[in-house]
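Peer 1: Sharing a model prediction with you, sequence too.
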Amino acid sequence: MIWRGEGLKIVLVPTMGFFHEGHLALMKHGRTLGDRLVVSLFVNPAQFGPSEDLQRYPRDLDRDAGLAREAGVNVLFTPSPEQMYPEGYQTYVTVEKLSQGLCGASRPGHFRGVATVVLKLFNLVQPHLAVFGEKDYQQLMIIRRLAADLNLPMDIVGCPIVRESDGLAMSSRNAYLTPEERAAALSLSYALKGAQKLAAAGEKSREKILDLVKRIITREPHTRIDYISLVHSDTLEEVDILKDEARLLLAVWVGSTRLIDNALLPEARYTCCV
């Protein structure tokens, strides 16, 4: 890319579009980290399973382009599936251990598709760093491992979850929720906050922390737990006793919509992306 030849620092924010304040926060932070900001918008078919929501995933390119302009994005990169996966395509990337369990167990092949498309975007854009949100925490850890293992000359930056005023983590899939499901979905953030308070009070037992989370979520209608896990923040291995800090990860079906969320235990006070 010509910008590299000019000595300019390039920042990439990969997205699947239908922008919300969470995406815009990543863009805003990206603007502070370099000289040129590239945002990719690609609904990646390789990370959707046969029965998942690829066809109905929300899309609004004109709206997204306007928001990207307002956010100071220099390039909105919108490749087509045919450009990313031309006829005869057969090469995929797998991050072995970190892709197992959690969302990897619920969505077989999902992270193979994520790792593949992200590496392709890195090769195409050649950024000096890329910015990802912590809501997709397992994804963030996988991309960091990919960059380290493949000796990519770039940094991976994670930014805290952006939430609605009532605590619901922002997600493009929130658009699927009915008003009743939207109210029930608040149980995810309530449960995470409850777990943080329990940990701050000195509770270290995984069993007791997860029991509280389950009780808060399942007392709401429309909810069905996919998984709740307390894991090491870097390795994603399950922890039985909370020692220094751990990451509480959960995926919950609210009606027909699968939502994910997570929190650090004990709670950390962020001032900016790191």
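Peer 2: Cool, the structure landed.
Peer 1: Can you get me a residue count around the nearest residue to Ala105 once chain neighbours are set aside?
Peer 2: Nearest residue to Ala105, sequence neighbours excluded (C-beta to C-beta, 6 or more residues apart in numbering): Tyr227, at 7.4 Å. Every residue, glycine included, has its C-beta placed from N, CA and C. Residues lying near Tyr227 (other C-beta atoms under 10 Å) number 14.
Peer 1: same deal with the one 5 residues further on?
Peer 2: A count of nearby residues for His232, using other C-beta under 10 Å, gives 14.
Peer 1: who are the neighbours in contact with the residue nearest to Ala105?
Peer 2: Applying C-beta atoms under 8 Å, 6 or more residues apart in numbering, we find Tyr227 in contact with Leu102, Ala105, Ser106, Leu249, Leu250, Ala251.
Peer 1: same deal with Gln139?
Peer 2: Taking C-beta under 8 Å, 6+ apart, we find Gln139 in contact with Cys103, Phe111, Val114, Phe132.
Peer 1: cutoff 7 Å now
Peer 2: Counting by C-beta atoms under 7 Å, 6 or more residues apart in numbering, Gln139 makes contact with Val114, Phe132.
Peer 1: before we move on, the earlier item: ok, which pair from the contacts of Tyr227 is furthest apart?
Peer 2: The most widely separated members of those, counting by C-beta to C-beta, are Ala105 and Leu250 (13.4 Å).
Peer 1: coming back round to it: looking at the contacts of Tyr227, which are in strands?
Peer 2: Mapping the contacts of Tyr227 onto strands (DSSP state E) picks out Leu249, Leu250, Ala251.
Peer 1: Show me the contact partners of the top helix by length along the chain.
Peer 2: If you go by DSSP state H, the chain has its longest helix at helix 179-200. The contact list for helix 179-200 (C-beta under 7 Å, 6+ apart) reads 163, 166-169, 177, 209, 212-213, 216-217, 220-223, 242, 248, 250, 252, 254-255, 257, 259, 261, 263, 265-267.
Peer 1: Tell me, how many residues neighbour Val162?
Peer 2: Neighbour count of Val162, defined by other C-beta under 10 Å: 18.
Peer 1: Can you give me the distance of it to Pro58?
Peer 2: 17 Å (C-beta to C-beta, to the nearest Å).
Peer 1: Excluding chain neighbours, what is closest to Val114?
Peer 2: Nearest in space to Val114, with sequence neighbours left out and distances taken as C-beta to C-beta, 6+ apart, is Gln47 at 5.0 Å.
Peer 1: wait, doesn't the one you found sit right on Val118?
Peer 2: No - between Gln47 and Val118 there is no contact under C-beta atoms under 7 Å: 9.7 Å.
Peer 1: the more surrounded of the two?
Peer 2: Counting neighbours by other C-beta under 10 Å for Gln47 and for Val118 shows that Val118 has the greater number, 24 against 21.
Peer 1: Understood, closing this out.
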